[in-house]
Structure formats: structure tokens, C-alpha cells
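S.K.: when you get a sec, could you give me coordinates for this:
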Amino acid sequence: MTAPIRLTPRVLSQTAAELEKDAADMEARAMQLEEEQQQDGAYLTRNFLQTALFTAAKNARHTADTYRAAALYAEALATMQAAPVCPAEYAIFDAATLEQAEGLYVWRGTDPIPSGGQRVKVTMNGLGFGTVAGYFLAGEAGKADPARPERRFLGVGVLLEGPPDWYKAQHPNWQTEPARVFGPEVAALE
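M.R.: The predicted model follows:
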């Protein structure tokens, strides 16, 4: 079994150039046949060959164009950066993913986005203090920023230190499962 050929932009461009040369050679041979046909009168045989050569040259040029287009496409693919992956709604993710998701979210807090591990105060429902465990995206696409419909609201996942009893009753895993709060509901501590 032979190894597959890797179609890089360079290989595709070289193949297109070779096909172009082959097409030029076929056209030259077809013109030569036309001259010979006029000299010796073997019209049908030479006319058939001439037509076949012109057709083959046209097909080779078409294939060369296809290879050139494939080379441009492969080159464009090689230079493209991967599009940021948008995490699932409400799924907690880390700071590295936050950097990759740049441009996919809107932060509505008055303070800057707190960093992972930073101690914060959750003002919503008097939940109290906690540590940033990660981030999440939520909300219907387009509502956060109508001009950029792919954007959603950014929230912070906070592991609470000592939430109210009603919260503990509603969230039995509160010690390991971060509370999800949005920018206006969290204040950074110095």
C-alpha cells in the first residue's frame, strides 16, 4: 500500500503548473497536426486527433484551475485561526477558556472581571463571601448585545464560604458546586 500524498498548497500549485504545461504541449501538437493535415490531406484522422488534443488541453486547463483554487483554499485554511469555542450555557469553565471565548460575551459588572481564585462578595440575595471557581455564559444569544448576536452574558461561578441556611437547603452540594452570579451581583474584594 502506498502512502497518501499530502496535498499542501505547494504541491497543488506545482500540479496546476504541470497541468498547464501539458495543456500547452497538447495545443502545440494539435496545431502541428493541423499543419500536417493541410499538407497531406489525411483530414479525418488528423482532425479527430486534433479535436481530441484540444479537448484534452481544455480539460487539463480546467483541472489546473481546480488545483489552483484548492491551493488557495488550503493556504487560507493553514493561515486561519480556530474560531473560539463557546462553552455550553451555564457550564463552568476556567480562565484559559475565558481567554479563548474573548468576544463571545458581555460583562455587565461595574468592577473588572474577577480572576480565578479571587475572593469576592456576592450581593445577590445576601449570599455572602466566596472564591471565584470559574466562569459561565448564559442568556439568549443576541440579547446581551444586539449588534453582535453571538454574544451572551458572562457570569462568575463562586464557591460560597457560608451561605444562608435557605441556600444550603436548596443547594445540598453548595460546598463543591459554585453559585452562578452575574456581574452586577458580585463585588471584588481588595
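
S.K.: who does Ala138 bridge with?
M.R.: Under DSSP bridges, the beta-bridge partners of Ala138 are Phe153.

S.K.: sketch out the low-pLDDT regions of the protein for me.
M.R.: Within the chain, the segments meeting pLDDT under 70 span 1-8, 37-38, 40-46, 77-87, 141-150, 190.

S.K.: what's the domain layout of it?
M.R.: Under the assignment automatic domain parsing, the domains of the chain span 9-79, 95-188.

S.K.: among those domains, which comes closest to Glu89?
M.R.: Comparing the domains of the chain by their distance to Glu89 (C-beta to C-beta), the top pick is domain 95-188, with 5.5 Å. Every residue, glycine included, has its C-beta placed from N, CA and C.

S.K.: could you work out the end-to-end span of that closest one for me?
M.R.: This stretch, domain 95-188, spans 16 Å end to end (C-alpha to C-alpha, to the nearest Å).

S.K.: go ahead and confirm Ala60 touches Met26.
M.R.: Yes. Using C-beta atoms under 8 Å, Ala60 is in contact with Met26, at 6.8 Å.

S.K.: so can I have a markdown table of the domains of the chain showing mean neighbour count?
M.R.: Below are those laid out as a markdown table (neighbours: other C-beta atoms under 10 Å):
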| stretch | mean neighbour count |
| --- | --- |
| domain 9-79 | 15 |
| domain 95-188 | 16 |
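
S.K.: may I see those arranged in a markdown table, with distance to Ala88 as well?
M.R.: Output for those, formatted as a markdown table (distance: least, C-beta to C-beta, whole Å):
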| stretch | distance to Ala88 |
| --- | --- |
| domain 9-79 | 27 |
| domain 95-188 | 8 |
